[in-house]
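>>> Need a 3D model of the following:
(4 chains)
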Number of protein chains: 2
Amino acid sequence: MTAEVSGLAADRALLGRSSTAERVADVLRTRISEGYFPPGTRLAEDAIGGALAVSRNTLREAFRLLTHERLLTHELNRGVFVRVLSVEDVTDIYRVRRLIECAAVRDLTAPPSGLDRVMSAVKAGEEAASSSDWLALGTANIRFHQAIAALAGSPRVDELMRGLLAELRLVFHVMSDPRRFHEPYLLRNGEIAAAISVGDGPRAEGMLAAYLKDAEDQLVGAYGELNPA
Amino acid sequence: MTAEVSGLAADRALLGRSSTAERVADVLRTRISEGYFPPGTRLAEDAIGGALAVSRNTLREAFRLLTHERLLTHELNRGVFVRVLSVEDVTDIYRVRRLIECAAVRDLTAPPSGLDRVMSAVKAGEEAASSSDWLALGTANIRFHQAIAALAGSPRVDELMRGLLAELRLVFHVMSDPRRFHEPYLLRNGEIAAAISVGDGPRAEGMLAAYLKDAEDQLVGAYGELNPA
DNA sequence: ATGTAAGGATCGTTCAACAATCCTTCAAGA
DNA sequence: TCTTGAAGGATTGTTGAACGATCCTTACAT
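Model (predicted):
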């Protein structure tokens, strides 16, 4: 029986229930990442708590969670606000992304085990572009980079990457025209994936670094105009 | 007057007050990292709340914070426990540390701006060892690696590193004899710092990678005996 | 050894209350 | 006109109590 038991252990996480606070946090997280609550929006305890029909205490627990994920900022006695990222935040996010993503592919000498997820993300992006679904293109792009970070094989890197991309989404919603921002990188995603699929780590790293540098420059340029702080 | 005002703005962070939940979290965090609450300890809401004289709601906010920092684990309807790291956690922590710390020194070609903090950490470690203060040796060692990660110049990397080392402290408290674990690395710290101070990034990276590999092996070996899960 | 049932302990969540702080408004003074 | 000061209301910070839900333990029966 020991074999069956150890096999079952993998499913333990599936039946993980969640508290109300976590579910509330989930709701708010998706709302924020979808742009329903734009950066700078104040989330009053009364209003949100009333709308979701949860008590203030439970809501405050959810706020703490999202604050720790850097999606909200908490100002004492003033409440919580949807985070407004500065230009320095954007450059720092890309600094860490370069560090993580480049390291994930640098040492590759053969097609890695997580290659399928990378390829499927590329494919999803191409399909989204061909059907002019720019929203899906953006999420496919995010999935692509998450898959690349996952090549590192580290749960902590995965979570870090998830957080970084969630932060970046805050920036995207401040900017207009997601098409102009995501579409040009479709080709490069494919090239990077090709290099990975043949096990050419150094080449993939170089292209990734250039990709991220370009994306950062474009984002910082557009962001600096709107947010001259 | 604008000059004086902008000068004052830098001090704004100094008067940053904090809520009781955060102060409670601070207290618990230091208690945990000092080993007062060993891994596996259950932190009952009644007991802790009574001892610190804060309400359950406030205490739960503090618990959420520490849970998100991975110092506590939260099991629904069972309470919070001081985290017990698995061997996989240890290897993952070192995987990320290699990724971060090596990248922080790899591209160096000249003495970096944060060099002074690296050197002072090395010096603190040597002094602690010469006065047989093994506790101080451990903290100096941590400061050394924090200073190295800080060379990346990224606030997010700094925070990530802080979290990783806080997790590692949980492992140290399960193990005995901190001297045997920290002392052998004193020399290597000095050599790595020397390479950094002359701007030899690649050499520093190589030594760091070897250092971290050795430390991981030793830790995993000793940890696996105690925690055969 | 396995299963069931009762009881107590603890957590999850809500509600109500009050103090502390912030924001707004408005009037007084330079 | 601009600044300062003083109410007043609105919101957050924190507490305490309450009740249902869940878990753990114990005892008992199969």
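
>>> A:Val174: what's it in contact with?
By CB atoms under 8 Å, 6 or more residues apart in numbering or on different chains, the contact list for A:Val174 reads A:Pro38, A:Pro39, A:Tyr223, A:Leu226, A:Asn227. Heads up, the C-betas are built off the backbone N, CA and C, glycines and all.

>>> Please pick the buried ones from these.
The neighbour-count test (16 or more other CB atoms under 10 Å in any protein chain shown) marks A:Pro39, A:Tyr223 as buried among the contacts of A:Val174.

>>> tell me the mean pLDDT over the top helix by length along chain A?
Ranked by residue count and defined by DSSP state H, the top helix of chain A is helix A:201-226. Helix A:201-226 shows a mean pLDDT of 92 in the predicted model.

>>> now for it, which elements pack on it?
Contacts defined by 3 or more CB pairs under 8 Å, 6 or more residues apart in numbering or on different chains; DSSP states H and E place helix A:201-226 against helix A:87-106, helix A:155-174, helix A:185-197.

>>> May I see the buried residues of that helix?
For helix A:201-226, the neighbour count (16+ other CB under 10 Å) marks A:201, A:203-208, A:211-212, A:215-216, A:219-220, A:222-223 as buried.

>>> residues in chain A within reach of chain B, list them.
Applying CB under 8 Å from any CB of the partner chain, one finds that chain A approaches chain B through A:17-19, A:21, A:57, A:60-61, A:64-65, A:68-69, A:76, A:92-93, A:95-96, A:99-100, A:103, A:152-157, A:160, A:164.

>>> Filter those down to just the buried residues.
Buried members of the residues of chain A next to chain B, counted by 16+ other CB under 10 Å: A:21, A:57, A:60-61, A:64-65, A:68-69, A:92-93, A:95-96, A:99-100, A:103, A:152, A:154, A:156-157, A:160, A:164.

>>> Run a quick neighbour tally on A:Val24.
Neighbour count of A:Val24, defined by other CB atoms under 10 Å in any protein chain shown: 22.

>>> returning to what we had before: winner for burial among the helices and strands packed on helix A:201-226?
helix A:87-106 (a mean of 20; mean count of other CB atoms under 10 Å in any protein chain shown).

>>> so after that one, what's the next helix or strand?
As assigned by DSSP states H and E, the chain's next helix or strand after helix A:87-106 is helix A:115-130.

>>> Okay, buried residues for that following helix please.
A:Leu115, A:Arg117, A:Val118, A:Met119, A:Ala121, A:Val122, A:Ala124, A:Gly125, A:Glu126, A:Ala128, A:Ala129.

>>> Which ones, among those, also lie beside DNA strand D?
Near DNA strand D, judged by CB under 7 Å from any atom of the strand, there are no entries from the buried residues of helix A:115-130.

>>> What's the mean pLDDT across the host helix or strand of A:Arg23?
If you go by DSSP H and E, A:Arg23 is part of helix A:20-33. Averaging pLDDT along helix A:20-33 gives 92.

>>> Within its sheet, name the partner strands of the helix or strand following that helix and how each one runs.
Counting by DSSP H and E, the next helix or strand C-terminal to helix A:20-33 is strand A:42-43. Its sheet considered, strand A:42-43 pairs with strand A:79-82 (antiparallel) by DSSP bridges.

>>> Run through the residues that contact the spatially most central residue of chain A.
When CA atoms, centre = their mean is applied to chain A, the residue found nearest the centroid is A:Leu165 (2.3 Å). With contact taken as CB under 8 Å, 6+ apart, A:Leu165 is in contact with A:Ile142, A:His145, A:Gln146.

>>> May I ask which helix or strand of chain A has the lowest mean pLDDT?
When each helix and strand of chain A is scored by mean pLDDT, DSSP states H and E, helix A:2-9 comes last, with a mean of 41.

>>> A:Asp158 contacts A:Ala147, correct?
No. If you go by CB atoms under 8 Å, A:Asp158 and A:Ala147 don't touch, sitting 10.1 Å apart.

>>> show me which of the buried ones among the residues of chain A next to chain B neighbour DNA strand C.
Among these, DNA strand C is touched by A:Ala21, A:Asn57 when using CB under 7 Å from any atom of the strand.

>>> re the thing from before, what separation do you get for the residue nearest to the centre of chain A and B:Asp26?
According to CB to CB, to the nearest Å, A:Leu165 and B:Asp26 sit 30 Å apart.

>>> what's the answer for A:Arg95, then?
A:Arg95 is 29 Å from B:Asp26, by CB to CB.

>>> what do you get for A:Glu22?
In terms of CB to CB, A:Glu22 sits 24 Å off from B:Asp26.

>>> A:Ala51 now?
From A:Ala51 to B:Asp26 the distance is 33 Å (CB to CB).

>>> More neighbours: which of these two?
Taking neighbours as other CB under 10 Å, A:Ala51 and B:Asp26 compare with B:Asp26 leading, 14 against 9.

>>> ok now do that one, which residues does it touch?
B:Ser18.

>>> Go again with 6 Å.
Neighbouring residues of B:Asp26 by CB atoms under 6 Å, 6 or more residues apart in numbering or on different chains: there are none.

>>> likewise A:Gly201?
Applying CB under 6 Å, 6+ apart to A:Gly201 gives the contacts A:Val105, A:Arg106, A:Asp107, A:Leu108.

>>> Could you find the closest non-adjacent residue to it?
Of all residues not flanking A:Gly201 in the chain, A:Leu108 sits nearest, at 3.3 Å (CB to CB, 6 or more residues apart in numbering or on different chains).

>>> now the contacts of A:Leu165: which count as buried?
Neighbour-count burial within these applies to A:Ile142, A:His145, A:Gln146; the criterion is 16+ other CB under 10 Å.

>>> So the first one belongs to a strand, correct?
No. The assignment for A:Ile142 is helix, going by DSSP: H, G, I helix; E, B strand; the rest coil, so no strand is present there.

>>> tell me the contacts of it?
Here A:Ile142 is in contact with A:Leu165 (criterion: CB under 6 Å, 6+ apart).

>>> now do 10 Å
Applying CB atoms under 10 Å, 6 or more residues apart in numbering or on different chains to A:Ile142 gives the contacts A:Ala121, A:Gly125, A:Met161, A:Arg162, A:Leu165, A:Ala166, A:Leu168, A:Arg169, A:Phe172, A:His182.

>>> Quick check, pLDDT for it.
Per-residue pLDDT puts A:Ile142 at 94.

>>> Distance check, it against A:Ala215.
A:Ile142 sits 12 Å away from A:Ala215, going by CB to CB.

>>> Between those two, which contacts overlap?
Contacts common to A:Ile142 and A:Ala215, judged by CB under 10 Å, 6+ apart, are A:Leu168, A:His182.

>>> wait, which of the buried residues of helix A:115-130 is closest to B:Trp134?
Distance to B:Trp134, by CB to CB, is smallest for A:Arg117 among the buried residues of helix A:115-130, at 45.4 Å.
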